[in-house]
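Need a 3D model of the following:
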Amino acid sequence: MSEVKKFTFDVGWVFGSSIITLILAFPINIIIGRLLGAEGLGLYAMTMVIYGIAMLFFGFGINAAVVKFVAEHKGDRDKLNQVITNGLLNSFILGFFGIIILYSLSSNIANIFNMQELEGLIKLISFVIPFAIINQLNLGVLNGLRIMRSYSMVIITQSVLMLVSVILLIYLGFGIKGAILGVLFSVFFAFLLSLFFAKKFFNFDFNNYMENTKKLLTFGFPLLSANILNLTNARIDVLLLGYFLTEREIGVYAIATMFLQLMLMIPMAIQKITYPAISYYYGKKNHNAIESMINKCIKYTLIFLLIGGVVLAFLSGDIIRLLFPHRPEFLEGILPLIILLFMAVFRGPTASVGASFTSVGKPEIPLKIETITVLTAVISGIVLIPLFGIVGAASTVAISKLMPLSIYPYLMKRYVGVRIQMRLYGKIIFIGCAISLFILLFKNIINNYILAIIASVLYLILLYLTKVITKEDKAMVQKILPRRINKII
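Numbers count the residues shown, from 1 in each chain. Just a heads-up that it's a prediction; the model follows:
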């Protein structure tokens, strides 16, 4: 299999699993919102945010370090065994401390946000931390080796189990605690499955334990700091909503972020592949391959996100009414949703190659960027959320996430050696603006769904006529697709 085909199939597996995961996650939020209301959904969202922060903190960046070193050493069996063994042991130790610390702090956290029911939910979720951290590390091994079929099977299995168990336990009358118990069950089973797949590719080797621990932690610490800052930046909106407002506002806002996840699944799926791939090319000193990959990923991601964001923003009201026919309070999330979609369109393309600095051995760059963005988010959130509520929360995320884009081309040129094709991306954005204007002009004349289809087709035609989509792009697609489809094309 050619490298282009291998890369595309890898993205396909991850993208497919991301789509399935997102499709399966939608009913969870919808069921909780319908049966338990905005307050119940707000408690669930708040618990998962705290769980996510705890996972990053106690994971200590080891997972990301393992992806890099596994990708670099996959031809050296001894080093591979030592890196994975070291990662598993240290992850277990950190996860054990995670239970103790999070359980002990549950009452304090609940008091900070003035949500007493949150204490019990945090205590429940704390017990899954060791298994979740090791599961992430096992997935990191599969990711680094680019065994994406097994990687995707674990992700899909966990999502299916979470959907079934969460909905079943809620219907059995366990309420919001049932939802958290469903998460625990699905993560534990995913841990067993990922360990089964990963164990095929290594043997336990405790040699050079201290040396490998130092290597993983030294590389992982900047990533830990950057990832904690990144998650804090991504979820500072929910944290500040919980501090200043109530569970209801968090629940309404959770619907807007649910659609945002739909948008971001494309760049997140691509990043799962670009991270180890760039690490591999960097180890081989193949700079041309790195530059080509980064620019193509940004280009294709922007093409998809732009039309997706425009159409989703246009249809957001209709979709929310369809999903929550008896919960009109969720319509308050439309404006925050549009703001978040705007942010995703411009931030998503760079997120698809967001691990580029780490891949070339510069993990301190994301740390510096995230430090600045988190400070911006905290300051803007403290000002905007008390004044504008969930609209202020969405604006906080947009401001903090879009700010680094002004220096992104410079950083890529200096530290990765890649020149970003800004003129090409400007052309794509201009076409997207034209399509948005087209929708605004005809929205009261043509049925919304038919208009969305027409706009999408017109968008693709304009991309082809303006040579944004080139013959090279078409040739690459034809090389990947089966012969029968190529004959039709």
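
any chance you could map the helices in the stretch 251-400 of the chain?
Using DSSP state H, counting those that start in this stretch, the helices of the stretch 251-400 of the chain run over 287-323, 334-351, 356-359, 364-388, 390-402.

tell me what the first one is packed against?
The one in question is helix 287-323. If you count contacts as 3 or more Cβ pairs under 8 Å, 6 or more residues apart in numbering; DSSP states H and E, helix 287-323 packs onto helix 247-283, helix 334-351, helix 422-442, helix 448-465. C-beta coordinates here come from the backbone N, C-alpha and C atoms, glycine included.

looking at those, which is closest to residue 294?
Nearest to residue 294, of all the helices and strands packed on helix 287-323, is helix 247-283, at 7.5 Å by Cβ to Cβ.

how big is the angle separating that closest one from helix 334-351?
When axes from the mean of the first three to the mean of the last three Cα atoms, to 10 degrees is applied, the directions of helix 247-283 and helix 334-351 differ by 10 degrees.

Would you mark the buried spots in helix 247-283?
The neighbour-count check on helix 247-283 (16 or more other Cβ atoms under 10 Å) flags 247-282 as buried.

Just give the closest residue to residue 361, not the sequence neighbours.
residue 282 (7.5 Å; Cβ to Cβ, 6 or more residues apart in numbering).

Quickly note the distance from the one you found to residue 295.
16 Å (Cβ to Cβ, to the nearest Å).

Residue 119: neighbouring residues, count only.
A count of nearby residues for residue 119, using other Cβ atoms under 10 Å, gives 16.

Test my guess that it contacts residue 103.
No. Residue 119 is beyond contact range of residue 103, at 10.1 Å (criterion: Cβ atoms under 8 Å).

Residue 146 reaches residue 272, doesn't it?
No. Look at residue 146 against residue 272 with Cβ under 8 Å: they stay out of range, at 9.6 Å.

Who are the contact partners of residue 184?
Neighbour list for residue 184: 124, 125, 127, 128 [criterion: Cβ atoms under 8 Å, 6 or more residues apart in numbering].

Can you tell me, leaving aside adjacent residues, what's nearest to the first one?
Ranked by Cβ to Cβ, 6+ apart and with sequence neighbours excluded, the top spatial neighbour of residue 124 is residue 180, at 4.8 Å.

which stretch of helix or strand covers the one you found?
Per DSSP states H and E, residue 180 falls inside helix 175-198.

can you dump the C-alpha coordinates of that helix into PDB?
This file holds the C-alpha atoms of helix 175-198, laid out as PDB (Å, rounded to 0.1, in the frame of the first residue of the first chain):
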ATOM      1  CA  GLY A 175     -30.900   9.600  37.100                       C
ATOM      2  CA  ILE A 176     -27.700  11.500  36.600                       C
ATOM      3  CA  LYS A 177     -25.800   8.900  38.700                       C
ATOM      4  CA  GLY A 178     -26.800   6.300  36.200                       C
ATOM      5  CA  ALA A 179     -25.200   8.300  33.400                       C
ATOM      6  CA  ILE A 180     -21.900   8.500  35.300                       C
ATOM      7  CA  LEU A 181     -22.000   4.800  36.100                       C
ATOM      8  CA  GLY A 182     -22.500   4.100  32.400                       C
ATOM      9  CA  VAL A 183     -19.300   6.100  31.700                       C
ATOM     10  CA  LEU A 184     -17.400   4.000  34.300                       C
ATOM     11  CA  PHE A 185     -18.600   0.700  32.800                       C
ATOM     12  CA  SER A 186     -17.700   1.700  29.200                       C
ATOM     13  CA  VAL A 187     -14.200   3.000  30.100                       C
ATOM     14  CA  PHE A 188     -13.300  -0.100  32.000                       C
ATOM     15  CA  PHE A 189     -14.300  -2.400  29.200                       C
ATOM     16  CA  ALA A 190     -12.400  -0.300  26.700                       C
ATOM     17  CA  PHE A 191      -9.400  -0.500  28.900                       C
ATOM     18  CA  LEU A 192      -9.500  -4.400  28.800                       C
ATOM     19  CA  LEU A 193     -10.000  -4.300  25.000                       C
ATOM     20  CA  SER A 194      -7.200  -1.800  24.200                       C
ATOM     21  CA  LEU A 195      -4.800  -3.800  26.500                       C
ATOM     22  CA  PHE A 196      -5.600  -6.900  24.500                       C
ATOM     23  CA  PHE A 197      -4.800  -5.200  21.200                       C
ATOM     24  CA  ALA A 198      -1.700  -3.400  22.400                       C
END
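
and of the contacts of residue 184, the nearest to residue 171?
Nearest to residue 171 among these, with distances taken as Cβ to Cβ, is residue 124, at 18.6 Å.

Starting from the helix or strand the closest one falls within, tell me the next helix or strand along the chain.
Per DSSP H and E, residue 124 falls inside helix 117-126. Next in sequence after helix 117-126, counting helices and strands by DSSP H and E, comes helix 129-144.

Could you give me the buried positions within the next helix or strand after that next one?
The helix or strand immediately downstream of helix 129-144 is helix 148-169, counting by DSSP H and E. Residues of helix 148-169 classed as buried by neighbour count (16+ other Cβ under 10 Å): 148, 150-159, 161-163, 165-167, 169.

repeat for stretch 76-93
Counting neighbours by 16+ other Cβ under 10 Å, stretch 76-93 gives 79-91 as buried.

And stretch 21-33, by the same measure?
So for stretch 21-33, counting by 16+ other Cβ under 10 Å, buried means 21, 24, 25, 26, 28, 29, 30, 31, 32, 33.

Among these, name the ones in helices.
21, 24, 25, 26, 28, 29, 30, 31, 32, 33 (DSSP state H).

Quick check: the first one touching residue 160?
No. Counting by Cβ under 8 Å, no contact exists between residue 21 and residue 160, whose distance comes to 9.2 Å.

Contacts only, for residue 178.
Residue 178 touches 166, 168, 169, 170, 172, counting by Cβ under 8 Å, 6+ apart.

Retrieve the pLDDT associated with the first one.
Per-residue confidence at residue 166 stands at 89 (pLDDT).
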